[in-house]
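A.B. asks: Sequence first, then the predicted structure:
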Amino acid sequence: MSERATREETVDVVWSGDWVAERLGVALEGDGDLRELLGLALRRNPKRAHLLVSNVLGKHVPQRPSVVHRAGYELGERVRALLGPEEARRAVVLGYAETATGLGHSVADGLRDAPYLHSTRRPVTGAEQAGGFEESHSHATSHLLLPEDRDLLAGGGTASVLVLVDDEFSTGNTVLNTIRTLHALHPRERYVIVALVDMRSAGDRDRLTAFAAEIGARVDLVTRGTGTVSLPDGVLERGQALVAEQEERAPASARPSVPAPAPLTRVGLDWPAGVPDGGRHGFTPAHRAALEAALPAMAERIAAALDSDAPDRDGGQGPAHGRGPRRILVLGFEELMYAPLRLGTALEEVLGADAEVRYSTTTRSPVLAVDDPGYAIRTRLVFPAHDDPADGPGDRYAYNVAGAGFDAVVAVVDSTADTPELHAPDGLLARLAEHTGRLLLAVVPSYLPRPAPAPHQEPAVLPEPLRGPDFSSYAPDEVGWLLQDLSDTELEAPTEEREEAIQSGGAHYAESLPVEYQPTPAYQELFSAALETSAARIARAVGTVTETVLAERGPRPVLVSLARAGTPVGVLMRRWARHRHGVDLPHYAISIVRGRGIDATALRWLAAHHDPADVVFVDGWTGKGAITRELAAAIGAFEASGGPAGFDPEIAVLADPGGCVRTYGTREDFLIPSACLNSTVSGLVSRTVLRADLVGPDDFHGAKFYRELAASDVSGHFLDTVAARFDEVAAEVDDATKELLAADRAPTWEGWAAVERISEEYGIHDVNLVKPGVGETTRVLLRRVPWKILARRGARPDLEHIRLLAEQRGVPVDEVDDLPYSCVGLIHPRFTRGATGADGTAVKGA
């Protein structure tokens, strides 16, 4: 990182505290760089009129994200050096809401191995309070401690170190209240207090020293700057009068500074599954590693959205990209400081010298704005709270945003705060739109902790698998479904409505089901012909992948298919093992949801009944490898959260055209007839569903059994037709398996690279809307709103059903060269219902 990027950007020759100092006689004295770190402002607060405004905290003053993160990280490195590596590994870091949540998290980063928790003023349903304390001078005083892991604050007992992080150490009262509360619960021998600045008086310093001696603990202090604030007599009353006088002269909220409000664009982050949105319920080193790995891709998505023009509404590609915004603000939300901060640091890395990135966050603290270079808060935006706060509605604020010349603003909120109030005419987004040329909204999923089990009680009894014929048309020994039956729940929605809700961020795709496609007679005939043609090819792939699994994972692996595309393959692998080796392999179906992770309850059930090391995850095929990555991240998060260890996240698939796995039957992209249909070739079971009002913390994910479609069911016919070719392909399977076991099968990720290229070439800028391979393209045509199909020139035999479906949906099929897949389906980008005609078919491009 360059010296320029890590250097704090001080305002200029005029100190941003002069205005207050001159009018109230407030004096700031201390280290040489104290005035570079701090400015002064006034606020309407009955306890303390002045406000120390940090230039490196990223709360009130927009600053380079790298500067903000580095300020905390370097403090964390100093704590690590103070404690030594061994003691640092036993440390727990606690940050204070709201201003120090990101600073504390950055300090924990510098400590490297420390878990992190911050206090919060947001009660969370189901989260048990582990403590609380008061902050005497704050605008909002009550702090809650809501760790998911009840033992987090205990750490390693008395041998552990508690590191407390606040932005400023002014009187010491907040820290005293915290230590007093937590020391009574979890006594320890050492505490470290970390702050950007230590502004205590001599009396306050003596008071903390006496308190440490009283409890018999060592208390160290690590700060960046040291000084004092001198307050003349009567400053509180004179400050309040000055605030009232100034507020009469200025508008409550800054007037618009652009001629027309900026339009809003949602950008999907694809936040890593299982990673909390911050430290409200705890953030572990494993969470940190998962987030660090995901940050570059999330920043790329933001950068693409900033620099892109949406495709035309008629389906055509928009104009070529122009030069993107030069001055960008990443704006966080109250306690949600760390996630937007790290998105900002990653965006700095992606954009480099092409743009100037700044970072700040909204706040609940009311501060007077005075447009004067000698005052720290030049402008303010006022808007209503938008996260249904426990203390009721009220105003919230964004400072130094209006009039700051930002070409683009990226607002980052958690999903709890993505409410109608956020989007209201007087809401935050409307206020921001009045002061920038481009406005993006990125929503981080709010993390909900698992409720703690009742004291001295065993956890709830886990549910049992569902089996046919009560659930699915498969025989009971073919598969056990680790799902709950939602057959009596209305979950289907029209495809166009689902697509609009998904792409707008209003709903996740797993919260509803598409209306089941009912194939026409012509399509049924096509399926039958395709099955007859490819049965031997499928049998060969089934045999090859099964033999590879048996050779590498032991004689009795536990097959766990990813419902539902993986389930017919799992059944066929089980049949092959029984046919060739006389072995009855256990087989279960489990739900995994992109962006939400794997069913943790199902994993716990598997661990309670089988050795996790024996579990082999099975899927039908790979596209670009999104589920492959999702599974690896989900298993890591499951273990990091205390789930049983030992699950291998590698997936065994029938076909791996994307080069995403090392256990496969073939890497050819060909028609697997089970991809042609939905439930009628998958045991009459729907896609899986995950919705909070239907799936509790100890429930399996859900699905429906479409008993009413029994007359159209070809699930058994598909299995029997393929299994009938097992003997015919046995010799070929033996040769192919021997060759594969000796080969280098490392994933190439060729498909992912192709998807990224296609996403850019066609102006989509979202890899989730590019679905490569025959199977995924079929799903696009059956379940989503397709824009166009790319077909590799000459790949006609495997694409007859694709062409038939495309014709029925009114979707163009473009022949292209240099495609690693037989075909690729493109979902309509920036979808609205205007993208389809009255008959539900796609509107053709001009």
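C.D. replies: That came through, no problem.
A.B. asks: Please, where are all the strands along the stretch 651-800 of the chain?
C.D. replies: Secondary structure of the stretch 651-800 of the chain, counting by DSSP state E, counting those that start in this stretch: strands at 651-655, 663-666, 702-703, 770-772, 786-792.
A.B. asks: Number of residues surrounding A710?
C.D. replies: A710 is flanked by 11 other residues according to other CB atoms under 10 Å. From N, CA and C alone the C-beta is placed, and that goes for glycine too.
A.B. asks: wait, doesn't it sit right on L684?
C.D. replies: Yes. Counting by CB atoms under 8 Å, L684 is a contact partner of A710 at 6.8 Å.
A.B. asks: Now do H508, the pLDDT please.
C.D. replies: Listed pLDDT for H508 reads 56.
A.B. asks: mind checking the SS state of the residue most central in space within the chain?
C.D. replies: When CA atoms, centre = their mean is applied to the chain, the residue found nearest the centroid is W271 (2.0 Å). When classified by DSSP: H, G, I helix; E, B strand; the rest coil, W271 comes out as coil.
A.B. asks: returning to what we had before: with respect to the strands of the stretch 651-800 of the chain, which exhibits the lowest mean confidence?
C.D. replies: Of all those, the minimum mean pLDDT falls on strand 770-772 (a mean of 86).
A.B. asks: Dump the strands of the stretch 651-800 of the chain into TSV; add distance to T361 and mean neighbour count as well.
C.D. replies: Below are the strands of the stretch 651-800 of the chain laid out as TSV (distance: least, CB to CB, whole Å; neighbours: other CB atoms under 10 Å):
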stretch	distance to T361	mean neighbour count
strand 651-655	39	27
strand 663-666	45	24
strand 702-703	37	25
strand 770-772	33	26
strand 786-792	37	23
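A.B. asks: Format these as TSV; extra columns: distance to A97.
C.D. replies: Shown next, in TSV, are the strands of the stretch 651-800 of the chain (distance: least, CB to CB, whole Å):
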stretch	distance to A97
strand 651-655	40
strand 663-666	46
strand 702-703	35
strand 770-772	40
strand 786-792	44
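A.B. asks: picking that back up, between A710 and L684, which contacts overlap?
C.D. replies: Taking CB atoms under 8 Å, 6 or more residues apart in numbering as the criterion, A710 and L684 both touch S473.
A.B. asks: Where does pLDDT dip in the stretch 601-750 of the chain?
C.D. replies: Within the stretch 601-750 of the chain, the stretches with pLDDT under 70 are 675.
A.B. asks: And the helices in it?
C.D. replies: Applying DSSP state H, counting those that start in this stretch to the stretch 601-750 of the chain gives helices spanning 626-640, 715-723, 726-742, 750-761.
A.B. asks: can you put these in TSV and add distance to P65 and mean neighbour count?
C.D. replies: TSV is the format used below for the helices of the stretch 601-750 of the chain (distance: least, CB to CB, whole Å; neighbours: other CB under 10 Å):
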stretch	distance to P65	mean neighbour count
helix 626-640	24	21
helix 715-723	52	20
helix 726-742	46	15
helix 750-761	25	18
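A.B. asks: Any idea which of the ones you listed gets closest to G227?
C.D. replies: G227 lies closest, by CB to CB, to one member of the helices of the stretch 601-750 of the chain: helix 626-640, at 40.7 Å.
A.B. asks: list the contacts for the residue nearest to S308 when sequence neighbours are not counted?
C.D. replies: Of all residues not flanking S308 in the chain, H765 sits nearest, at 4.7 Å (CB to CB, 6 or more residues apart in numbering). By CB under 8 Å, 6+ apart, H765 lies in contact with R301, A304, A305, S308, S759, P829.
A.B. asks: just V229 next, same as before
C.D. replies: V26, A27, L28, H50, L52, S170, M199.
A.B. asks: go on, V767?
C.D. replies: K624, A626, W752, V755, E756, S759.
A.B. asks: ok, back up a step: ok, which of the strands of the stretch 651-800 of the chain comes nearest L37?
C.D. replies: Evaluated with CB to CB, those place strand 770-772 nearest to L37, the distance being 46.5 Å.
A.B. asks: Check which helices and strands that closest one sits against.
C.D. replies: helix 750-761, helix 773-783, strand 823-827 (3 or more CB pairs under 8 Å, 6 or more residues apart in numbering; DSSP states H and E).
A.B. asks: Can you add distance to G646 and give the ones you listed back as CSV?
C.D. replies: Formatted as CSV, those follow (distance: least, CB to CB, whole Å):
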stretch, distance to G646
helix 750-761, 28
helix 773-783, 30
strand 823-827, 37
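A.B. asks: and L799, which of these is closest to it?
C.D. replies: Closest approach to L799 among the helices and strands packed on strand 770-772 (CB to CB): strand 823-827, 5.8 Å.
A.B. asks: Give the partner strands of the helix or strand encompassing D166 in its sheet and their orientations.
C.D. replies: Under the criterion of DSSP states H and E, D166 resides in strand 161-169. Here strand 161-169 has these sheet partners by DSSP bridges: strand 91-95 (parallel), strand 190-198 (parallel).
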